[in-house]
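A.B. asks: Requesting a structural model of the entry that follows:
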Amino acid sequence: MAVTAADVKKLRQATDAPMMDCKKALTECENDFDKAVEWLRERGVAKSAKKADRVAAEGSIGLKISADNRRAVLVEVNSETDFVAQNDGFKDLVAKTVTQAFETQAETTEALRETELEGRAFSAYFDETVAKIGEKIEVRRIAALSGKDNVIVNGYVHSNTRIGVIVAIECDSAKTAEAMIPVAKQVAMHASAMKPTTLSYKDFDADYVEEETKGRIEAIKTENEERARLKKPLINVPQYISRCQLSDAVLAEAEANIKAALKEQGKPEKIWDKIVPGQLARFITDNTTLDKEQALLDQDYVLDDKMTVAQAVAAAAKAVGGTAEVVAFVRLEVGEGIEKKADDFAAEVAAQMA
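C.D. replies: Presented below is the predicted three-dimensional model:
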């Protein structure tokens, strides 16, 4: 039976495959519609396999939050190009993927592929959609947070869809938890901009802090050499970089040094109690730069930089008569940690001509 234009149109509408592929499928399958659909599916999988060695470092973050703010899921779906990431088909794929991960509670990309969607494996839907879009696309990461009792979660995806954050806040009561839902989103927005890597300074590995301390001190000394040459003010060289280094003994010594300096300056001892706390707070600030950069709770809050994130959350809870603290967060940024292959156009052309 001859393949007609109407047959090709029908198959194209059903599969969204290119017209010439539809015609070839019908020809190869002797105009059997179902076999042609299967032929196109197999061909799509084969195309995906050929793309396996290509780097997918662009893409989008998807976010799904339960109506009661007790659970939130993030997924990172990668593509090869930003152009495809802006495609409506790709956006629909991300939305479908995060919904599937949310509803099935799949914790890994492998588990997600094995879940069922409309009577078949989710992997079949995903691979077919990828084949239609035409470049390498993969689910790279899934992250979820959930709460019970008085723990609420909320999240935020930046407007460019490349950064997503979910935050969990534990509260003293259901009333406080309800009030903290918008606060959790604000903290997520903060984390999106400020790029924390851990929740608290307490989470830092001791060896990491030690190495960072050495590196930062040496970097400041090198910069000060240049500043001295240019006759610019020198940067204070800190002794420490994290609150985890500021033991009671260190703080006691700092306080003693402050008092000794005040005595040397001739400041009356009766006013020291008004000066020492401020100078001790400054000492702590100067010696906790790592915390300010990388620990969410210890960062200056973007909505009120006079408070840390931890203090801002506590203040928001206190305003409604309760207590609350951030207990977990996850921040995903598209492509982080992926080494992109540098394009060598001349080498590519030469390889094709060989």
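A.B. asks: who does whatever helix or strand Ala314 lives in touch, helix- and strand-wise?
C.D. replies: Using DSSP states H and E, Ala314 sits in helix 309-318. Contacting helix 309-318 under the criterion 3 or more C-beta pairs under 8 Å, 6 or more residues apart in numbering; DSSP states H and E are the following elements: helix 174-179, helix 181-194, strand 300-301, strand 324-333. Using the backbone N, CA and C atoms, a C-beta is placed for each residue, glycine as well.
A.B. asks: Make a markdown table out of these and add distance to Asn78, mean pLDDT and mean neighbour count.
C.D. replies: Below are the helices and strands packed on helix 309-318 laid out as a markdown table (distance: least, C-beta to C-beta, whole Å; pLDDT from 0 to 100; neighbours: other C-beta atoms under 10 Å):
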| stretch | distance to Asn78 | mean pLDDT | mean neighbour count |
| --- | --- | --- | --- |
| helix 174-179 | 35 | 97 | 17 |
| helix 181-194 | 19 | 98 | 21 |
| strand 300-301 | 32 | 96 | 18 |
| strand 324-333 | 11 | 98 | 20 |
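A.B. asks: for these, which one sits closest to Glu138?
C.D. replies: Taking C-beta to C-beta as the measure, those were each checked against Glu138, and strand 324-333 came out nearest at 14.4 Å.
A.B. asks: on that earlier part again, need the helices and strands packed on helix 309-318 in TSV (columns: distance to Ala168).
C.D. replies: Output for those, formatted as TSV (distance: least, C-beta to C-beta, whole Å):
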stretch	distance to Ala168
helix 174-179	11
helix 181-194	8
strand 300-301	17
strand 324-333	4
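A.B. asks: Go through the ones you listed and name the closest to Glu255.
C.D. replies: Across the helices and strands packed on helix 309-318, the minimum distance to Glu255, taken as C-beta to C-beta, is reached by strand 300-301, at 23.6 Å.
A.B. asks: Domain map for this protein?
C.D. replies: The chain breaks down into these domains under automatic domain parsing: 5-44, 58-194, 201-333.
A.B. asks: Asp290 contacts Gly215, correct?
C.D. replies: Not Asp; residue 290 is Leu. No - using C-beta atoms under 8 Å, Leu290 is not in contact with Gly215; the gap is 10.5 Å.
A.B. asks: contacting residues for the residue lying closest to Thr15 once chain neighbours are set aside?
C.D. replies: Across the structure, with C-beta to C-beta, 6 or more residues apart in numbering as the measure, the residue nearest Thr15 apart from its sequence neighbours is Leu40 (5.3 Å). For Leu40, the contacting residues are 11, 15, 17, 21-22, 25, 131, by C-beta atoms under 8 Å, 6 or more residues apart in numbering.
A.B. asks: Now with 10 Å, please.
C.D. replies: Counting by C-beta atoms under 10 Å, 6 or more residues apart in numbering, Leu40 touches 11-12, 14-18, 21-22, 24-26, 29, 128, 131-132.
A.B. asks: Ok, Leu280 next?
C.D. replies: When contacts are taken as C-beta under 10 Å, 6+ apart, Leu280 is in contact with 251, 254-255, 257-258.
A.B. asks: And the strands in the stretch 51-200 of the chain, which stretches?
C.D. replies: When assigned using DSSP state E, counting those that start in this stretch, the strands of the stretch 51-200 of the chain occupy the ranges 58-65, 71-79, 116-117, 120-121, 137-146, 151-157, 163-171.
A.B. asks: Make TSV out of these and add mean neighbour count, mean pLDDT and distance to Ala95.
C.D. replies: Below are the strands of the stretch 51-200 of the chain laid out as TSV (neighbours: other C-beta atoms under 10 Å; pLDDT from 0 to 100; distance: least, C-beta to C-beta, whole Å):
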stretch	mean neighbour count	mean pLDDT	distance to Ala95
strand 58-65	24	96	6
strand 71-79	25	96	10
strand 116-117	14	96	13
strand 120-121	12	94	19
strand 137-146	20	96	13
strand 151-157	24	98	11
strand 163-171	26	98	13
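A.B. asks: TSV for these, including distance to Gln311?
C.D. replies: Converted to TSV, the strands of the stretch 51-200 of the chain look like this (distance: least, C-beta to C-beta, whole Å):
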stretch	distance to Gln311
strand 58-65	26
strand 71-79	24
strand 116-117	45
strand 120-121	48
strand 137-146	22
strand 151-157	19
strand 163-171	14
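A.B. asks: Looking at these, which is nearest to Pro196?
C.D. replies: strand 163-171 (9.3 Å).
A.B. asks: and that closest one with strand 324-333, angle?
C.D. replies: Angle of strand 163-171 versus strand 324-333, following axes from the mean of the first three to the mean of the last three C-alpha atoms, to 10 degrees, is 170 degrees.
A.B. asks: who does strand 163-171 pair up with?
C.D. replies: strand 151-157 (antiparallel), strand 324-333 (antiparallel) (DSSP bridges).
A.B. asks: Give me the below-cutoff pLDDT ranges for the chain.
C.D. replies: When the per-residue scores of the chain are filtered using pLDDT under 70, the ranges that remain are 1, 16, 43-56, 339-354.
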